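A.B. asks: here's a sequence, model it:
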Amino acid sequence: MPLTMKIQGQDVTVVEEFVYLGSLIHSSTGSTCGISRRSAITRAAMQSLENQIWRSRLAISTKLKLYSTCILPIFLYGSDCWAVSKTDARKIDALDQWCLRMLLGIKWYQFVQNDDIQRLTKQPKLTSIIQSRRLILFGHIMCKDDNTDAKRILLASPPADWRRQLGRPRITWLSSIQQDLKHHHLMLPEAADLAQNRPLWRMMSTYGAMQS
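C.D. replies: Numbers count the residues shown, from 1 in each chain. Next comes the predicted model:
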């Protein structure tokens, strides 16, 4: 029998993962499984349009608009909450290249460089878009009242007697934010203050995606 637990008098089955509001919640608390699920859904969506759209005689500019409007939102749903590891980032950029190559009709044996694909399409990397969305969410949280739970959790300091467990540190959303901020030469307290200026923060958050 599956393991169950009681919540408010109701038996609830304990599972390793489940989908909630379109996002995969996994017992590992990581984002890797959710990213893999979104990648699979995105690939299926691209393939379903291969004959009608990507192989059609539509202009590349039109295909790119359809890609940005119909395909990217499928993958990016909930991405502002992802904690992305280096392995995840490589898989995301590989998906990015796979989609753009299908859109352009470029086959693997044509040996076209990834940089050439980016220059031709002028599309920012998916990892850069995710970073931008994550920073925008961080700025939104920082603009909330100081007593808001989300803001208190992000800015809280660990207890004096706290010690990290042995082994490699777990990739968390906050550690991903701190890596994002390094690209802008910012520490967490400085970023929290800067985020109070909403227009400036949004412009800074989107700058990286535009430049990639």
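A.B. asks: in this structure, which residue is closest to the centre?
C.D. replies: Nearest residue to the geometric centre of the chain (C-alpha atoms, centre = their mean): Ser79, 3.2 Å.
A.B. asks: show me what contacts the closest residue to it other than its chain neighbours?
C.D. replies: Leaving aside its sequence neighbours, Ser79 sits nearest to Ile130 (C-beta to C-beta, 6 or more residues apart in numbering; 4.7 Å). All C-beta spots, glycine's among them, are computed from the backbone N, C-alpha and C. Neighbour list for Ile130: Leu76, Ser79, Asp80, Trp82, Val84, Ile92 [criterion: C-beta atoms under 8 Å, 6 or more residues apart in numbering].
A.B. asks: OK, contacts around the last one?
C.D. replies: For Ile92, the contact set (C-beta under 8 Å, 6+ apart) comprises Ile35, Ser39, Val84, Leu126, Thr127, Ile130.
A.B. asks: work out the gap between the helix or strand hosting the first one and the centre of the chain.
C.D. replies: It refers to Ile35. Using DSSP states H and E, Ile35 falls within helix 32-48. How far helix 32-48 lies from its chain's middle: 13 Å, per C-alpha atoms, centre = their mean, to the nearest Å.
A.B. asks: so for that helix, what's the average pLDDT?
C.D. replies: Average pLDDT, helix 32-48: 95.
A.B. asks: for it, C-alpha coordinates in CSV please.
C.D. replies: Output of helix 32-48 as CSV, limited to C-alpha atoms (Å, rounded to 0.1, in the frame of the first residue of the first chain):
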residue,chain,number,x,y,z
THR,A,32,15.9,19.7,-12.6
CYS,A,33,12.8,17.4,-12.9
GLY,A,34,10.6,20.4,-13.6
ILE,A,35,13.0,21.7,-16.3
SER,A,36,13.1,18.3,-17.9
ARG,A,37,9.3,18.1,-18.0
ARG,A,38,9.0,21.6,-19.6
SER,A,39,11.7,20.7,-22.1
ALA,A,40,9.8,17.6,-23.2
ILE,A,41,6.5,19.6,-23.6
THR,A,42,8.4,22.3,-25.6
ARG,A,43,10.0,19.7,-27.9
ALA,A,44,6.6,18.1,-28.5
ALA,A,45,5.1,21.6,-29.3
MET,A,46,7.9,22.4,-31.8
GLN,A,47,7.5,19.0,-33.5
SER,A,48,3.7,19.5,-33.8
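A.B. asks: show me what it is packed up against.
C.D. replies: Other helices and strands packing on helix 32-48, by 3 or more C-beta pairs under 8 Å, 6 or more residues apart in numbering; DSSP states H and E, are strand 23-26, helix 72-76, helix 86-104.
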